[in-house]
Every structure is written in C-alpha cells, then in structure tokens.
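K.L.:
with the sequence up front, the predicted model follows.
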Amino acid sequence: MKKIVGLCAVIGLLFAFSTTAMAKGKNQGNIEFGELSCQEFLQGVAKGDEASVGMILMWLDGYLSGVSGDTELNWEGFESFSTALAETCAKSPKKKVLDVAKAVGIE
C-alpha cells in the first residue's frame, strides 16, 4: 500500500508541471519517444490521466530495462526514476526525454 501511495505522489508531482497536451482527448496518437522533448513530455503528462501517465512511465522503465538488461521491477527505484525524470526534464526542457531517461534511469 505504501508503494502505491508513493507512486500516486510521483504521478501527482508530474501533473504539477506544464499545461499543453501530447495528444488531444481520448484519441491519443502514437508517441515517438526518440523525438519527444522534455517540454513536450511534461506538457503531455500534465494533461494526461493517471492511467496514461502510469503507462508512459512503465514504458520508459521497460525501455531502459531493455537497454540495460535489468529485468527487475524495483518499485522504490521506479519512484526515484520518475521523480528524477520530472525534475531533470523541468530543468532541461529542450533535451530529448529518452536521453534524460537514460541519464537518470541507468546507473
């Protein structure tokens, strides 16, 4: 239960950022993470619902797991990664979100 509350807090933190959407309404398009800037990512997160944001963060975690070969889902690490991603993207909005995710997510 504590882990779920922590994850909800991370998602709430992400909602606090910017206000423009990555995709409009329920008809969300594909996301090209390789081209997505931190600013666009945070804008989309701010407009997204909890399920969509959670799915995006899980995708990013899975992507990094594939890159690094790490097959363990560590909830505390996931929370730390999500927070670090949001904070670093807020400081560097022009960087690509995948570059930031790799920098903060692969130790």
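P.N.:
Yes, it's here.
K.L.:
which residue, neighbours along the chain excluded, lies closest to the residue nearest to the spatial centre of the chain?
P.N.:
Central residue of the chain (CA atoms, centre = their mean): Leu57, 4.1 Å from the mean position. Leaving out its chain neighbours, the residue that sits closest to Leu57 by CB to CB, 6 or more residues apart in numbering is Ser82, at 5.4 Å. C-beta here means a position set from N, CA and C on the backbone, and glycine is covered the same way.
K.L.:
roughly how far apart are the one you found and Glu50?
P.N.:
Distance, Ser82 to Glu50, by CB to CB, to the nearest Å: 13 Å.
K.L.:
neighbour count winner among these two?
P.N.:
Ser82 (26 against 13; other CB atoms under 10 Å).
K.L.:
packing partners of the helix or strand where that one lies?
P.N.:
Ser82 is part of helix 75-91 when elements are defined by DSSP states H and E. Judged by 3 or more CB pairs under 8 Å, 6 or more residues apart in numbering; DSSP states H and E, the packing partners of helix 75-91 are helix 2-15, helix 38-47, helix 50-68, helix 97-105.
K.L.:
can you report phi and psi for Asn74?
P.N.:
Main-chain dihedrals, Asn74, degrees, to the nearest 10: phi -100, psi 110.
K.L.:
look at it and say how many residues are nearby.
P.N.:
11.
K.L.:
repeat for Glu32
P.N.:
Quick note: Glu32 (other CB under 10 Å) scores 8 neighbours.
K.L.:
assign it to helix, strand or coil.
P.N.:
coil (DSSP: H, G, I helix; E, B strand; the rest coil).
K.L.:
noted, bye for now.
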